[in-house]
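Q: test case, fold it:
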Amino acid sequence: MRVHFIAIGGAAMHSLAIALYQKGNLVTGSDDEIFDPARTQLSNAGLLPDSFGWFPERITPDLDAIVLGMHAHKDNPELKRALELGIRVYSYPEFLYRETADKTRVVIAGSHGKTTITSLVMHVLRYNGYHFDYMVGSRLEGFDNTVSLSPDTRIAVFEGDEYLSSCLDPRPKFHLYQPQIALISGIAWDHINVFPTWEGYVDQFRIFISDMPSSGHLIYCAEDAELKALAGSVNPALQKESYSTPEYTVAQDTCILHQKGQSYPLKIFGRHNMQNIAGARLVCQQLGLSDEQFFKAVIHFSGAGKRLQLLGQKESTAIFLDFAHSPSKVDATVRAVREQFAGRRLVACLELHTYSSLNRKFLGHYRNTMDGADDAVVFFNPQTILHKRLEMLSKEEVALAFARKGLNVLTEKSELEDFLHATVGENTVVLLMSSGNFSGINFKELSETLLRRKL
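A: Predicted coordinates for the structure are as follows:
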């Protein structure tokens with residue numbers, strides 16, 4: 001097949017392009033800007049465009065398909081040319097479904113935990129010798145790419161994002177995968193630029209459940225009241241199974257999971273991750289794996305990229321990086337680190353970076369989410385607010401929204417770096433939370449500097 005990607009530099013788009021190329025297809029692409037890691041990865045695969053911009057002359061009748069990324073708008077000249085020529089235009093999720101239509105599709109959905117649960121299932125399958133297709137939102141140890149497609153697999157495991165598919169297709173991505181096996185981890189309002197009301201956001205999960213075939217299997221977290229009610233009332237013919245947080249203890253900075261008289265020391269930690277493991281176990285059961293196979297693999301799982309990722313540690317000081325940005329994720333992540341390292345000083349730093357987190361109407365949902373930290377910082381870049389065309393925020397209203405005594409609100413990268421250098425010492429855990437990079441901080445260099453300077 002000859003496939004052209006419009007907006008090939010996207011986090012998911014470039015991974016799909018590489019996967020298709022590795023499958024033997026002829027792949028080209030365009031974008032007006034491409035940043036690392038996508039730029040380097042496309043270059044290594046020989047797929048980086050020679051020049052940036054949109055070139056309608058690249059859209060020719062011999063193309064079999066166009067894959068359209070969310071970054072591209074309806075007036076994109078390459079898109080307009082493709083429509084004029086009648087070339088089939090797919091959104092990213094639509095194309096993934098096309099490539100796996102004859103396989104057993106597993107979709108992991110929910111407002112939080114999607115990446116970790118998907119990664120857990122992938123890790124367990126790989127550990128037990130399964131060959132499968134996948135799409136996940138973060139890099140995982142042992143996997144070369146975040147997307148893989150192969151003609152000889154019978155299982156496809158997808159992370160199911162509720163964000164929109166493309167400018168031509170306003171449906172949430174996870175509506176397009178049509179899974180036979182699905183998991184929903186929980187529902188916590190997010191993406192208010194697309195779903196401006198709580199009811200509208202919940203409706204997306206109602207549609208997802210309703211659209212599943214009656215022969216399908218839905219797994220859901222029973223500790224989420226909204227989700228439990230939804231699962232109990234929608235699509236009654238569907239097979240449903242719930243899970244909750246299993247028993248666990250923390251000893252000497254190690255989280256130990258207890259299951260049916262057995263104890264399993266883990267490399268990951270936190271109540272939310274124990275919950276994620278419980279959900280992943282039920283998914284793996286549906287795919288034919290035994291509990292013995294599951295736990296033998298899980299004890300070696302070290303987590304997905306930017307999900308409580310250990311940047312560095314030395315003696316009694318450790319530095320973690322997490323993707324947490326929505327209120328529920330921030331709260332769960334701070335609680336997890338507090339529980340795991342109860343005897344250490346916790347310094348928690350959150351960057352407000354997404355449209356929702358920088359929106360004055362949404363900001364109050366972060367109330368008390370940083371209370372578990374000994375020192376707390378909320379960082380935002382005013383230029384990001386301008387770029388997203390939102391009303392400017394003041395430090396005072398951010399502090400008021402979080403309602404946390406002694407909260408430090410910073411807007412300059414240098415301020416944050418100075419704060420960390422002055423605060424981090426022995427017996428300290430640093431938690432950096434963001435879907436961005438705190439206006440360009442090199443996390444690896446920062447971690448190395450802090451550990452070298454203090455210890």
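Q: pLDDT weak spots in the stretch 201-350 of the chain?
A: For the stretch 201-350 of the chain, applying pLDDT under 70 flags no range at all.
Q: so which residues of it form helices?
A: With helices called from DSSP state H, counting those that start in this stretch, the stretch 201-350 of the chain shows them at 225-233, 271-286, 291-298, 327-340.
Q: out of these, the one nearest Asp203 is which?
A: When these are compared by CB to CB, helix 225-233 sits nearest Asp203, at 9.8 Å. Bear in mind the C-beta positions are built from the backbone N, C-alpha and C, glycine included.
Q: redo the helices of the stretch 201-350 of the chain as CSV? Include mean neighbour count.
A: CSV is the format used below for the helices of the stretch 201-350 of the chain (neighbours: other CB atoms under 10 Å):
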stretch, mean neighbour count
helix 225-233, 15
helix 271-286, 23
helix 291-298, 17
helix 327-340, 22
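Q: out of these, which is closest to Val250?
A: The closest of the helices of the stretch 201-350 of the chain to Val250 is helix 327-340. By CB to CB, the value is 5.9 Å.
Q: okay, now Asp64: neighbour count?
A: Counted by other CB atoms under 10 Å, the residues lying close to Asp64 total 12.
Q: and what of Met392?
A: Using other CB under 10 Å, Met392 has 10 other residues around it.
Q: same question for Tyr355.
A: Using other CB under 10 Å, Tyr355 has 17 neighbouring residues.
Q: for stretch 352-363, list the C-alpha coordinates in CSV.
A: This file holds the C-alpha atoms of stretch 352-363, laid out as CSV (Å, rounded to 0.1, in the frame of the first residue of the first chain):
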residue,chain,number,x,y,z
LEU,A,352,-0.5,23.4,34.4
HIS,A,353,-0.1,22.7,30.7
THR,A,354,-3.3,21.4,29.1
TYR,A,355,-6.3,23.4,27.9
SER,A,356,-8.4,22.2,30.9
SER,A,357,-5.8,22.8,33.6
LEU,A,358,-5.3,26.4,32.4
ASN,A,359,-9.0,27.2,32.1
ARG,A,360,-10.3,29.3,34.9
LYS,A,361,-13.6,27.5,34.9
PHE,A,362,-11.9,24.1,35.5
LEU,A,363,-9.1,25.2,37.9
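Q: give me the buried positions along it.
A: With burial defined by 16 or more other CB atoms under 10 Å, the residues of stretch 352-363 counted as buried are Leu352, His353, Thr354, Tyr355, Ser356, Ser357, Leu358, Asn359, Phe362, Leu363.
Q: coming back round to it: take the helices of the stretch 201-350 of the chain and lay them out in JSON lines including distance to Ile18.
A: Shown next, in JSON lines, are the helices of the stretch 201-350 of the chain (distance: least, CB to CB, whole Å):
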{"stretch": "helix 225-233", "distance to Ile18": "34"}
{"stretch": "helix 271-286", "distance to Ile18": "26"}
{"stretch": "helix 291-298", "distance to Ile18": "26"}
{"stretch": "helix 327-340", "distance to Ile18": "28"}
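Q: do you know which of these lies nearest Leu400?
A: Closest to Leu400 of the helices of the stretch 201-350 of the chain is helix 327-340 (CB to CB; 15.4 Å).
Q: state the helix or strand in which Gly129 lies.
A: With elements taken from DSSP states H and E, nothing contains Gly129; it lies in neither a helix nor a strand.
Q: ok, now Gly9?
A: Using DSSP H and E, Gly9 maps to neither a helix nor a strand.
Q: now the residue lying closest to it once chain neighbours are set aside: phi and psi?
A: Closest residue to Gly9 apart from its sequence neighbours, by CB to CB, 6 or more residues apart in numbering: Ile34 at 3.4 Å. The phi/psi pair for Ile34 (degrees, to the nearest 10) reads phi -140, psi 130.
Q: what is the neighbour count of Ile34?
A: So Ile34, with other CB under 10 Å, has 22 neighbours.
Q: same question for Ala324.
A: When neighbours are counted by other CB under 10 Å, Ala324 comes out with 28.
Q: so how far is Val107 from it?
A: Going from Ala324 to Val107 by CB to CB, to the nearest Å gives 22 Å.
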